[in-house]
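S.K.: After the sequence you'll find the predicted model.
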Amino acid sequence: MLPFETLIVVDKMLPRPVYLQVVDGVINLIKDGVIQKGDQMPGTRSMAGMTKIHRKTVIAAYNELIAQGWLFAVPKHGHYIAMELPKGGVKQWGVPANGYVSDSKMKSPFLKIETTKEFYPHSFALSPSLIVDDGHPDSRLAPMHLLNREYLRRLKQQHVRKKPAITLAPGSLKLREAMTGYLAQTRGIQADLPNILITHGAQMSIYIAASLLLQRGSYVIVGEPGYHVANYVFEYLGANIIRIPADRDGIDDGLIRDACEQYNISALYLIPHHHYPTTVTLSPERRSSILNIAEQYNFSIIEDDYDYGFQYGSSPYLPLASNHPDRVIYVGSFSKSLSTSIRIGFMVAAADFIEQAVYLRKIIELKGDNIMEDSLAALIEGGDLARHLKKVNKIFGHRRDYLCASLDEKLKDIVSFAKPEGGLALWTVFNNKYQLKNISLKASKMGLFINDGQIFDNYNAKYNALRFGFASINETEIDNITDIIVRCL
């Protein structure tokens with residue numbers, strides 16, 4: 001609701017009756033385009049409270065506006081701005097008036113980010129009924145009722161609002177305390193409170209870490225193909241990106257060493273568990289080699305472990321951060337564990353690095369949603385998160401197998417893939433005779449979205465491949481999606 005208490009100024013010392021001052025104020029707001037045709041006005045009680053006048057005065061003002069043709073009343077619903085206003089009653093929408101922004105453009109200079117990349121492909125505008133995402137969890141299975149219960153319980157506690165914002169910059173104390181045990185039990189990372197920073201999603205962690213490691217002209221190594229959004233961050237910071245190919249054993253350690261011989265490397269962005277987008281796992285031999293190279297050439301590693309909790313069959317390798325906390329900045333997120341709507345990420349690193357990261361986080365955002373963070377801590381401590389992950393691992397593993405079987409049956413000569421050991425997506429390479437850009441365009445007309453190559457560093461065009469997310473779609477949806485793809489061919 002608009003702040004009518006400041007938009008309509010009533011001065012009882014003026015000779016003009018108060019109700020007519022309200023009438024004048026409303027008419028001016030309509031003429032300036034602040035309130036539009038068909039907009040509902042506040043109720044008479046609400047307007048009286050905001051303008052600090054008697055309700056009968058507001059009723060008189062509304063009646064006068066109806067008589068003049070500015071308002072109309074709907075019984076039991078309220079008062080609305082008339083669709084047909086008095087002649088000359090309103091300015092054209094799009095013309096700035098009294099400081100309100102419409103189609104205006106900034107006259108003074110400002111930074112323009114030069115990029116040809118698109119975050120969202122054009123086919124998104126069609127509002128598809130089916131989506132092939134790049135590896136999201138199924139939010140329909142998430143224990144949101146438990147999280148909501150904990151959130152509402154804490155929201156009712158008045159003392160949670162009295163915590164100074166400055167004390168919450170590193171994140172909720174309860175969540176960081178819960179994570180010390182959680183990280184040790186699930187990832188073998190021995191961390192204390194000074195080693196943990198809670199962020200608003202893993203992307204914020206990547207940005208903060210990169211901002212502390214990179215300067216304009218710095219060199220950073222990434223995998224190819226790689227995570228497009230992280231690369232955007234490095235480019236924005238002015239770093240030079242060195243792309244190292246990733247094969248079935250992960251990023252090539254020999255080429256990393258060659259790059260270190262030629263350039264002064266500041267950081268390596270690494271996704272060792274399930275490389276994005278190909279989902280391959282970095283081999284133990286290369287893990288050891290990369291850590292030795294980092295030690296020899298003295299650069300830091302940003303370890304992005306976005307979906308560690310999903311492993312089907314064998315146990316996952318421990319993160320690099322579990323053995324080298326003084327060299328590795330570990331980044332993770334709860335968005336994959338629960339739902340993409342839960343924007344809680346974390347960074348784990350040496351205490352002196354986290355201290356600087358907290359300073360930078362304060363500049364970006366003073367604090368996160370400490371109530372949501374406390375609620376998540378309750379789910380971790382109560383074992384609810386662990387039980388949820390155990391349950392969905394079985395479901396997602398079955399969906400992975402079902403998708404692989406469906407692709408083998410319906411698209412045997414069209415696509416190729418290697419069944420991943422874990423994660424939430426299948427790296428699916430299409431035969432070059434069938435270009436994904438064309439398939440995506442046809443599929444969009446049938447209610448299915450498939451990435452058309454406008455995002456993800458355009459790897460669709462380079463490799464004619466995509467990450468086929470299987471975790472967020474059930475068996476019926478998998479059948480419908482693969483049937484549509486077949487029809488598109």
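M.R.: Noted; the coordinates are in hand.
S.K.: Quick check: the gap between the residue lying closest to residue 279 once chain neighbours are set aside and residue 212.
M.R.: What sits nearest to residue 279 in space, not counting adjacent residues and going by CB to CB, 6 or more residues apart in numbering, is residue 420, at 4.2 Å. C-betas here are computed from N, CA, C, even on glycine. Distance from residue 420 to residue 212, counting by CB to CB, to the nearest Å: 32 Å.
S.K.: Can you spell out the domain ranges of the protein, please?
M.R.: 4-81, 122-136+388-488, 144-382 (automatic domain parsing).
S.K.: would a markdown table of those with mean pLDDT be doable?
M.R.: Formatted as a markdown table, the domains of the chain follow (pLDDT from 0 to 100):
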| stretch | mean pLDDT |
| --- | --- |
| domain 4-81 | 91 |
| domain 122-136+388-488 | 88 |
| domain 144-382 | 92 |
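S.K.: Just want to know which of residue 420 and residue 212 has more residues nearby.
M.R.: Neighbours per residue (other CB atoms under 10 Å) separate residue 420 from residue 212, with residue 420 holding more: 22 against 17.
S.K.: pretty sure that one is in a helix, no?
M.R.: No. According to DSSP: H, G, I helix; E, B strand; the rest coil, the state of residue 420 is coil, so it is not within a helix.
S.K.: got the phi/psi numbers for it?
M.R.: Per-residue torsions, residue 420: phi -70, psi 150 (degrees, to the nearest 10).
S.K.: mind listing what it touches?
M.R.: By CB atoms under 8 Å, 6 or more residues apart in numbering, the contact set of residue 420 is 274, 279-280, 400, 426-427.
S.K.: try residue 386
M.R.: Counting by CB under 8 Å, 6+ apart, residue 386 has contacts residue 380.
S.K.: Please apply the same query to residue 470.
M.R.: 396, 399-400, 402-403, 424-426, 478.
S.K.: Report the separation between it and residue 131.
M.R.: Distance from residue 470 to residue 131, by CB to CB: 12 Å.
S.K.: Pretty sure residue 38 sits against residue 83.
M.R.: Yes. If you go by CB atoms under 8 Å, residue 38 and residue 83 touch, sitting 6.0 Å apart.
S.K.: Buried ones in the lengthiest helix in the chain, by neighbour count?
M.R.: For the chain, the longest helix by residue count, based on DSSP state H, is helix 384-410. For helix 384-410, a neighbour-count test (16 or more other CB atoms under 10 Å) marks 384-386, 388-389, 392-393, 396-397, 399-400, 402-404, 406-407 as buried.
S.K.: top strand in the chain by residue count?
M.R.: strand 240-247 (DSSP state E).
S.K.: Who are the packing partners of it?
M.R.: strand 219-224, helix 228-236, helix 253-262 (3 or more CB pairs under 8 Å, 6 or more residues apart in numbering; DSSP states H and E).
S.K.: ok, the shortest one: who's next to it in the sheet?
M.R.: If I follow you right, that is strand 219-224. strand 240-247 (parallel), strand 265-270 (parallel) (DSSP bridges).
S.K.: ok so, going back, closest to residue 105 out of the contacts of residue 420?
M.R.: Set against residue 105, the nearest of the contacts of residue 420 by CB to CB is residue 427 (42.7 Å).
S.K.: and the closest one, how many neighbours?
M.R.: 23.
S.K.: Just give me how far stretch 400-408 sits from the chain centre.
M.R.: Taking CA atoms, centre = their mean, to the nearest Å, the mean C-alpha location of stretch 400-408 is offset from the chain mean by 28 Å.
S.K.: sorry, that was for stretch 54-70
M.R.: For stretch 54-70, the distance to the chain centre is 46 Å (CA atoms, centre = their mean).
S.K.: which residues in the stretch 51-200 of the chain form helices?
M.R.: Using DSSP state H, counting those that start in this stretch, the helices found in the stretch 51-200 of the chain span residues 55-68, 144-155, 173-187.
S.K.: can I get those in TSV with mean neighbour count and distance to residue 474?
M.R.: Output for these, formatted as TSV (neighbours: other CB atoms under 10 Å; distance: least, CB to CB, whole Å):
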stretch	mean neighbour count	distance to residue 474
helix 55-68	18	52
helix 144-155	15	18
helix 173-187	18	27
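S.K.: export the ones you listed to JSON lines and tack on distance to residue 218?
M.R.: JSON lines is the format used below for these (distance: least, CB to CB, whole Å):
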{"stretch": "helix 55-68", "distance to residue 218": "62"}
{"stretch": "helix 144-155", "distance to residue 218": "39"}
{"stretch": "helix 173-187", "distance to residue 218": "28"}
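S.K.: who wins for proximity to residue 113 among these?
M.R.: Of the helices of the stretch 51-200 of the chain, nearest to residue 113 by CB to CB is helix 173-187, at 32.6 Å.
S.K.: Please name every helix or strand in contact with that closest one.
M.R.: strand 196-199, helix 370-381.
S.K.: Any idea which of these gets closest to residue 431?
M.R.: strand 196-199 (40.8 Å).
S.K.: for the helix or strand just after the closest one, packing partners?
M.R.: The C-terminal neighbour of strand 196-199 among helices and strands, as given by DSSP states H and E, is helix 202-213. With contacts taken as 3+ CB pairs under 8 Å, 6+ apart, helix 202-213 sits against strand 196-199, helix 228-236, strand 265-270, strand 300-304, strand 328-333, strand 345-348, helix 351-364.
S.K.: Generate JSON lines for these, with distance to residue 253 as supplementary columns.
M.R.: Shown next, in JSON lines, are the helices and strands packed on helix 202-213 (distance: least, CB to CB, whole Å):
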{"stretch": "strand 196-199", "distance to residue 253": "29"}
{"stretch": "helix 228-236", "distance to residue 253": "20"}
{"stretch": "strand 265-270", "distance to residue 253": "10"}
{"stretch": "strand 300-304", "distance to residue 253": "12"}
{"stretch": "strand 328-333", "distance to residue 253": "16"}
{"stretch": "strand 345-348", "distance to residue 253": "23"}
{"stretch": "helix 351-364", "distance to residue 253": "24"}
